[in-house]
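Trainee: model the structure of this input:
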Amino acid sequence: MKKRVTANPNIRKHWTESICKPEDIRNGWIIWAVLVAIFVVVVSMPGFERTVTPSYAIAAQAWWNSQDPYATRVEFFYLPHSAIAFTPFAYIPFHVSEALWRIVTIVALALGVRSMARVLRDSVGVDSFFILSITTIALAWDGARNGQTNLPLTAVMIWFAISLMRGRYWWAVVWSCVGMLLKPYMIVPVLLAIPLYPSFAWRFLIGVSGFVALPFMFQKPGYVIDTYQSFWRMIVEQTHPPAEGTLFSDIFRTAYVFGLHLSDGVQLLLRAAAAVLTLGFTFVAQKRWGAARSALIIYGSSALYLTMFSPRIENNTYVLIGPLIGWMAVELWRSRSPWNWFGWGTLAVLSVMIGQREISHLIRPEQDAIWMRPLCALALALMSVVMVVRDVRARAPGGS
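Mentor: Predicted structure coming up:
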């Protein structure tokens, strides 16, 4: 007969275990369901106009009418594939399209966060879906309202990193192509992965060749070539540092707010140097950390680089670092260090400062509320480096 084991009432569990219980997986899904419901109602209301999806719809219609999607009355900063993919939403009633698009994008983000929580559960020992959901939704609000592709892009970047971790390189190729369809930003994690995963690199060359050829299945070759040329001209123009005073949220816009005006050449040099440092940090983390977390570093490093150094980054794009903030909170919980209260407090403050633009106005009322978020991303980047170094040293022989 087995002896019954009773819990020792004198052993006190860590307080964070109260939000990592199995039932909180259910609560996490409830939060996502509420978010979907809210925005389905919002976009279905008469007079709703705060959306970017008409840009996608107009580009899709231009594609099928053999017109230049980059010469329409709206701005379209995506590959031709994006116009093709949005076609089902472009030819149905506006409010129906808006509601369905919000469901697709928010559910995709929720599934990506759930996948990340499962990976972290294997290395950390608790299911952090609820925590990751809270930090992600806090930064996803504006993007969900506007219908931004940044929401599913965040999920795709996570799935891309997980596929690399599991050695599913063809799936990584698929996710890289889906990510580029959603937004050209996907090139950043791809370029990080190529030197770190040679088995992915050659597969990507094959996959991206098919990806480039895909539009030829839907239109005449001459039109497709012209469209690619228009896309390339647009990309070259967009990669130049924006004019001073424009509403973009990279680190150089913050420098401009504080009176530091850097030339285009200096900005380009600093972006390149940051890319090299990001690759170096990711390489070191790959060698020193466990497989799960080292692969997710590709997602985290890419998200931080984009939010600090992409010349066309917008406030809505900061949803990319929502899951990262939750991950950092989970890593702090795992270490059980006396300094963790300071770390959690810092993450909470940074999350509020990123999510609430009004704080920027309180500090500098005369400036647009876009300068603070790059500083917060920089603080997160420095904090992540400290956490990785501390964890690596603790794992080393004789580490404390």
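Trainee: any stretches of this protein with poor pLDDT?
Mentor: 1-23, 73-74, 239-248, 289-292, 335-339, 355-370, 392-400 (pLDDT under 70).
Trainee: how much space separates Asp24 from Asp142?
Mentor: According to Cβ to Cβ, to the nearest Å, Asp24 stands 26 Å off from Asp142. (C-beta placed from N, C-alpha, C; glycine too.)
Trainee: now do whichever strand or helix holds Leu268: which elements does it pack against?
Mentor: In the assignment (DSSP states H and E), Leu268 maps to helix 264-288. Contacts defined by 3 or more Cβ pairs under 8 Å, 6 or more residues apart in numbering; DSSP states H and E place helix 264-288 against helix 187-196, helix 291-309, helix 372-395.
Trainee: what angle separates the longest one from helix 264-288?
Mentor: Here helix 372-395 runs at 30 degrees with respect to helix 264-288, directions being taken by axes from the mean of the first three to the mean of the last three Cα atoms, to 10 degrees.
Trainee: buried residues of helix 372-395, list them for me.
Mentor: Neighbour counts over helix 372-395 (16 or more other Cβ atoms under 10 Å) mark 372-377, 379-381, 383-384, 387-388, 391 as buried.
Trainee: now do stretch 91-110
Mentor: 97-99, 101-102, 105-110.
Trainee: and if you look at stretch 57-68?
Mentor: Buried residues in stretch 57-68 (16+ other Cβ under 10 Å): 57-63, 68.
Trainee: center of this structure, which residue is that?
Mentor: Centroid-nearest residue in the chain, with Cα atoms, centre = their mean: Leu320, separated by 2.3 Å.
Trainee: in contact with the closest residue to Met157 other than its chain neighbours, which residues?
Mentor: The shortest distance from Met157 to any non-neighbouring residue, by Cβ to Cβ, 6 or more residues apart in numbering, is to Tyr299 (4.9 Å). Taking Cβ atoms under 8 Å, 6 or more residues apart in numbering, we find Tyr299 in contact with 157-158, 160-161, 189, 323-324.
Trainee: neighbour count and secondary structure for those - can I get that in a markdown table?
Mentor: Converted to a markdown table, the contacts of Tyr299 look like this (neighbours: other Cβ atoms under 10 Å; DSSP: H, G, I helix; E, B strand; the rest coil):
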| residue | neighbour count | secondary structure |
| --- | --- | --- |
| Met157 | 29 | helix |
| Ile158 | 28 | helix |
| Phe160 | 28 | helix |
| Ala161 | 28 | helix |
| Pro189 | 28 | helix |
| Pro323 | 32 | helix |
| Leu324 | 29 | helix |
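Trainee: which one of the residues you listed is nearest to Glu314?
Mentor: Set against Glu314, the nearest of the contacts of Tyr299 by Cβ to Cβ is Met157 (16.8 Å).
Trainee: could you check how far the closest one is from Leu132?
Mentor: 14 Å.
Trainee: next: Arg293.
Mentor: Counting by Cβ to Cβ, the gap from Arg293 to Leu132 is 14 Å.
Trainee: out of the two, which sits in the more crowded spot?
Mentor: Counted by other Cβ atoms under 10 Å, Arg293 and Leu132 do not tie: Leu132 has more neighbours, with 27 against 22.
Trainee: residues contacting the more buried one?
Mentor: Applying Cβ under 8 Å, 6+ apart, the residues contacting Leu132 are 28, 113, 116-117, 323, 326-327, 330.
Trainee: quick revisit: figure out which of the helices and strands packed on helix 264-288 is closest to Ser263.
Mentor: helix 291-309 (15.8 Å).
Trainee: list the buried ones in stretch 273-285?
Mentor: So for stretch 273-285, counting by 16+ other Cβ under 10 Å, buried means 274, 278-279, 281-282, 284-285.
Trainee: now the helix of greatest length in the chain, how far from the chain's geometric center?
Mentor: Using DSSP state H to define each element, the chain has its longest helix at helix 94-124. The chain centre lies 12 Å from the centre of helix 94-124; the measure is Cα atoms, centre = their mean, to the nearest Å.
Trainee: which helices and strands sit right next to that helix?
Mentor: helix 23-44, helix 53-64, helix 87-90, helix 129-146, helix 150-165, helix 291-309, helix 322-335.
Trainee: hmm, try it at 6 Å
Mentor: The elements that helix 94-124 packs onto, with contact taken as 3 or more Cβ pairs under 6 Å, 6 or more residues apart in numbering; DSSP states H and E, are helix 23-44, helix 129-146, helix 150-165, helix 291-309, helix 322-335.
Trainee: for these, which one sits closest to Asn316?
Mentor: Judging these by Cβ to Cβ, what sits closest to Asn316 is helix 129-146, at 4.3 Å.
Trainee: got the buried residues for the closest one?
Mentor: In helix 129-146, counting by 16+ other Cβ under 10 Å, buried: 129-140, 142-146.
Trainee: now that helix and helix 372-395, what's the angle there?
Mentor: 160 degrees.
Trainee: between the buried residues of stretch 57-68, which is closest to Tyr228?
Mentor: Distance ranking of these against Tyr228, using Cβ to Cβ, places Asp68 first at 11.1 Å.
Trainee: which helix or strand contains the closest residue to the closest one other than its chain neighbours?
Mentor: Leaving out its chain neighbours, the residue that sits closest to Asp68 by Cβ to Cβ, 6+ apart is Ser230, at 5.4 Å. Taking DSSP H and E as the definition, Ser230 sits inside helix 221-239.
Trainee: contacts for that helix next, please.
Mentor: 66, 68, 70, 80, 215-216, 312 (Cβ atoms under 6 Å, 6 or more residues apart in numbering).
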